[in-house]
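[1] Output the structure for:
(3 chains)
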Amino acid sequence: MATKAQYVFFRESLMRWHREQNDRSLPWKGERNAYRIWLSEIILQQTRAAQGLDYYLKFTRTYPDIRSLAAAPDEEVFRLWQGLGYYNRCRNMLATARFISDTYQGRFPDTYDEILALKGVGPYTAAAIASFAFDLPHAVVDGNVYRVLSRFFAIETPVDSTEGKRIFASLAQELIDADSPAAYNQAIMDLGATVCTPAAPLCMFCPLAERCAAYRQNLTGLLPVKEKKLSVQTRHFNYVVMRSGDSVWIRQRKEKGIWQDLHEFLLIETPEAATLKQIEKEIKQLTTARVALRHIGSLRQRLTHQLILSEFYEAQLSAQLTVPDTEGFWVDISELQRFAFPKTMVSFIAAHLHG
DNA sequence: AAGCCGGGGTC
DNA sequence: GACCCAGGCTT
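    Residues are numbered from 1 along each chain as shown, chains lettered A, B, ... in the order given. Now for the predicted structure:
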């Protein structure tokens, strides 16, 4: 059972360790500007610091304040976000930038409840902004915190259960150093990221090891507990790259689901792997024009929850035919760079479409 | 409460 | 190949 003394040990040892680390190697650490903190937190949701770093630099350079982001065209912002994934974040980020520009006259809200109400901002991000920008005593609970707390206190409640979320949020809030919320939040996440790592944690260098329940009972490999296991769905995409001279036909994915708002070529999804003949048959349903397909490549893309097997076909057309029931359009190949595509599509375009 | 949403690093 | 990442939204 956790005692008050353990809470004090945890808090004070963690803060002492953090003071001695003196780690300020990432540009958003120590940042006080709410806009830049918000931007970094959105970019870093479910994203490693190393992966988000270049995007953070691009966005802060291109949009130095929230009004400049709010004023930017959707397509330009999505193009800047291209390759980072979870594109809902980008859409919500834009909506929030415009909301703050319009409703708060560009001034970032400075209360926890107002921050939490913003689109794309949940409990974690609200606590991060509130503490880092405004010194408000709200404890962050992210993957790092689940790991550190579940191990130190040997909590076996699944972190992805409703009860687990409640327990860890409550515990984190009990532990926070209310005199230095920003430093405390930074400290616990740094510890999780550098010492209390998912696999092979560096317990020999951990300031909490001496009273860590998981370390003492050899349970670090079993904690934290997660109850949901993800299922990976296999999908078969058949892309038809319709070309006419130097132009190519693309469309924006408006339907809910993967890659919403990004662009793509004519897509025919089939329940199983399809042959060239089958795809040609599908094309015949769309147009009376004679379309000859040529297979030009394959792509295997492994995502967290889907395995996407793509086949690419090229169709050379004599005229820019219109595809019924779609909102696609023809664009010069040299202009493709203005539009955001899924990451693997960008590689494919670079390899196969040179005008 | 459960499902969905990208891309990449690590072991 | 499995797991995870400075989570949040939708249904």
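[2] which residues are there in the stretch 1-150 of chain A that come within reach of DNA strand B?
    With CB under 7 Å from any atom of the strand as the criterion, the stretch 1-150 of chain A comes near DNA strand B at residues A:46-48, A:50-51, A:83-88. In short, each C-beta sits where N, CA and C put it, glycine included.
[3] Mark which of the residues you listed are buried, thanks.
    With burial judged by 16 or more other CB atoms under 10 Å, the buried subset of those is A:47, A:83-85, A:87.
[4] Grab the two from those that are most spread out in space.
    Farthest pair in these (CB to CB) is A:T47 and A:Y87. Separation: 12.4 Å.
[5] how about the strands in the stretch 101-250 of chain A?
    Along the stretch 101-250 of chain A, counting by DSSP state E, counting those that start in this stretch, strands occupy A:233-244, A:247-252.
[6] Can you show me the helices along chain A?
    Listed in chain order, the helices of chain A (DSSP state H) span A:4-21, A:34-44, A:49-62, A:66-71, A:74-81, A:88-103, A:112-116, A:123-134, A:143-152, A:162-175, A:181-194, A:213-216, A:276-286, A:343-352.
[7] which residues of chain A score low on pLDDT?
    A:1, A:22, A:24, A:355 (pLDDT under 70).
[8] the domain parsing of it - what is it?
    Annotated domains of chain A cover A:4-222, A:233-352 [automatic domain parsing].
[9] tell me the most buried of those domains?
    Comparing the domains of chain A by mean neighbour count (mean count of other CB atoms under 10 Å), domain A:4-222 ranks first with a mean of 17.
[10] got the end-to-end distance for that domain?
    Terminal residues of domain A:4-222 are spaced 25 Å apart (CA to CA, to the nearest Å).
[11] Wondering if it reaches DNA strand C at all.
    Yes - contact between domain A:4-222 and DNA strand C, assessed by CB under 7 Å from any atom of the strand, occurs at A:26, A:28-29, A:40-41, A:44-49, A:51, A:86, A:88, A:92, A:119-126, A:128, A:142-144, A:146-147, A:186, A:189-190, A:192-193, A:198.
[12] what's the spacing between that domain and its chain's center?
    Offset of domain A:4-222 from its chain centre (CA atoms, centre = their mean, to the nearest Å): 13 Å.
[13] quick check, nearest of the buried ones among the residues of the stretch 1-150 of chain A next to DNA strand B to DNA strand C?
    Distance to DNA strand C across these (CB to the nearest atom of the strand) is lowest for A:T47, with 5.6 Å.
[14] Identify the residues contacting the closest one.
    A:84-86 (CB atoms under 8 Å, 6 or more residues apart in numbering).
[15] try A:A154
    A:213-214, A:217, A:219, A:223.
[16] ok, which pair from those is furthest apart?
    Distances among the contacts of A:A154 were taken as CB to CB; the most separated pair is A:Q217 and A:L223, at 9.9 Å.
[17] any idea how far A:Y86 is from the residue lying closest to A:V323 once chain neighbours are set aside?
    Of all residues not flanking A:V323 in the chain, A:L286 sits nearest, at 5.6 Å (CB to CB, 6 or more residues apart in numbering). A:L286 sits at a distance of 31 Å from A:Y86 (criterion: CB to CB, to the nearest Å).
[18] Check A:G52 too.
    The gap separating A:G52 from A:Y86 is 11 Å, by CB to CB.
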